[in-house]
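Trainee: just a sequence and a predicted model for now, questions to come.
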Amino acid sequence: MLRDAVRSLAEAKIEPFAAEVDEEARFPQEALDALVTNDLHAVHVPEAYGGAGADALATVIVIEEIARVCASSSLIPAVNKLGSLPLMLSASEELKAKYLTPLARGEAMFSYCLSEPEAGSDAAGMKTRAVRDGDSYVLNGVKRWITNAGISEYYTVMAVTDPEKRSKGISAFVVEKSDEGVSFGAPEKKLGIKGSPTREVYLDNVRIPADRMIGAEGTGFATAMKTLDHTRITIAAQALGIAQGALDYAKGYVRERKQFGKPVADFQGVQFMLADMAMKIEAARQLTYAAAAKSERGDADLTFQGAAAKCFASDTAMEATTDAVQLLGGYGYTRDYPVERMMRDAKITQIYEGTNQVQRIVMARNLP
């Protein structure tokens, strides 16, 4: 029922704007409005804070179905979870109530600020500083590749509170867009997910109350890594949706398109391509859903399973979308058809929330 409801909404209210959102590289406001109206913008927020209280599997299905028609729009529920999960994992009850409640109501979005110009895969090498000053912390630094920056009201920011301790000297904070000293860079000009703004976040002597720290001092990096164990599965879901959208479109096209007097779908070479796409997408789906179940239970092997799901699903999405372009031939290479957009959108799923090379390191370190 959930899948059917989200698919109907996505096809009616999000898909009609997907090409335009990509072409104009603009935020998909229509998608946000539709998702908020239907309480699908941040389904993971617990009922205690006015949220839908969706479990990890339901959240995955929501993201998958939105990504099937528009990858940029699927980053609304995905990044709302990424930005707010550190609070759900580690914050005080007061902080949770203060920030999760407006998120649940659709009054604000949440972004996640971990990466920096010199700290990508090596996130522990960050330079952003947070210095205690009485009842406040003063933050200075630059965060890069921040999804939905400038649109989101709230930002979970990782900053160094004790430079001597490397990863154990990093703490997490909630920064508000309206805090004095917060500003944003120009939107990055990207290959795909053009409807989801990616900007730098500048923190220039940003003074925030000390009670906006998420968890205890020095626990920020551990919270950040724990968060990614859960949210990598949402990227797997996004990749899965993109792949399914490409397969669905290519399947319909080859049944209609005729060459040599018969539908292209009747040729065995084409059938083999479709079969391989469908097989790998289904394998990615099973891996992703199993990882979501482990996320919900907090299983000991979640780190391995989350990395495996993200890595496999994103590699599958890249392969499936490339094959979809091939199946449409010359038409697949034009913007008149959605598969070239899907191919461009798929690429980022192999990169963000940890490159697939990093996922393989994570898996190797956490072999079951």
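Mentor: Yep, it's here.
Trainee: hmm, residue 80 and residue 110 touching each other?
Mentor: Yes: judged on Cβ atoms under 8 Å, residue 110 makes contact with residue 80 at a distance of 5.2 Å. In this view, the C-beta of every residue, glycine as well, is placed from N, C-alpha and C.
Trainee: shared neighbours of the two, anything?
Mentor: 42, 103 (Cβ atoms under 8 Å, 6 or more residues apart in numbering).
Trainee: which of the two has more residues huddled nearby?
Mentor: residue 80 (29 against 26; other Cβ atoms under 10 Å).
Trainee: contacts only, for that one.
Mentor: 41, 42, 44, 103, 109, 110.
Trainee: quick one: which two of these are the most distant?
Mentor: 44 and 109 (13.2 Å; Cβ to Cβ).
Trainee: residue boundaries of the strands in the stretch 201-350 of the chain?
Mentor: 213-214, 258-259, 262-263 (DSSP state E, counting those that start in this stretch).
Trainee: packed most tightly, which of the ones you listed would that be?
Mentor: strand 213-214 (a mean of 24; mean count of other Cβ atoms under 10 Å).
Trainee: elements contacting that one?
Mentor: helix 71-90, strand 170-176 (3 or more Cβ pairs under 8 Å, 6 or more residues apart in numbering; DSSP states H and E).
Trainee: chain center to that strand: distance?
Mentor: 22 Å (Cα atoms, centre = their mean, to the nearest Å).
Trainee: quick one: strands adjacent to that strand?
Mentor: Looking at strand 213-214 with DSSP bridges, its partner strands are strand 170-176 (antiparallel).
Trainee: give the rounded mean pLDDT of the strand it pairs with.
Mentor: If you average the pLDDT over strand 170-176, you get 98.
Trainee: what residues sit buried inside it?
Mentor: If you call a residue buried by 16 or more other Cβ atoms under 10 Å, then strand 170-176 has these buried ones: 170, 171, 172, 173, 174, 175.
Trainee: can you list contacts of it?
Mentor: Strand 170-176 has contacts (Cβ under 8 Å, 6+ apart) with 86-87, 90-91, 95, 99, 113, 124, 126, 130, 137, 139, 153-161, 182, 203, 206, 208, 212-215, 217-221, 223-224.
Trainee: list buried residues within those residues.
Mentor: Counted by 16+ other Cβ under 10 Å, the contacts of strand 170-176 give 86-87, 90-91, 95, 99, 113, 126, 130, 137, 139, 154-161, 182, 203, 206, 208, 212-215, 217-221, 223-224 as buried.
Trainee: helices or strands next to the helix ranked longest in the chain in the packing?
Mentor: In the chain, taking DSSP state H as the definition, the longest helix is helix 220-256. If contacts are counted by 3+ Cβ pairs under 8 Å, 6+ apart, helix 220-256 sits against helix 56-67, helix 71-90, strand 154-160, strand 170-176, strand 262-263, helix 268-297, helix 302-327, helix 339-349.
Trainee: returning to what we had before: make CSV from the strands of the stretch 201-350 of the chain and add mean pLDDT and distance to residue 322 to it.
Mentor: Formatted as CSV, the strands of the stretch 201-350 of the chain follow (pLDDT from 0 to 100; distance: least, Cβ to Cβ, whole Å):
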stretch, mean pLDDT, distance to residue 322
strand 213-214, 98, 40
strand 258-259, 97, 21
strand 262-263, 98, 22
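Trainee: in JSON lines: those strands, plus distance to residue 144.
Mentor: Converted to JSON lines, the strands of the stretch 201-350 of the chain look like this (distance: least, Cβ to Cβ, whole Å):
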{"stretch": "strand 213-214", "distance to residue 144": "21"}
{"stretch": "strand 258-259", "distance to residue 144": "47"}
{"stretch": "strand 262-263", "distance to residue 144": "48"}
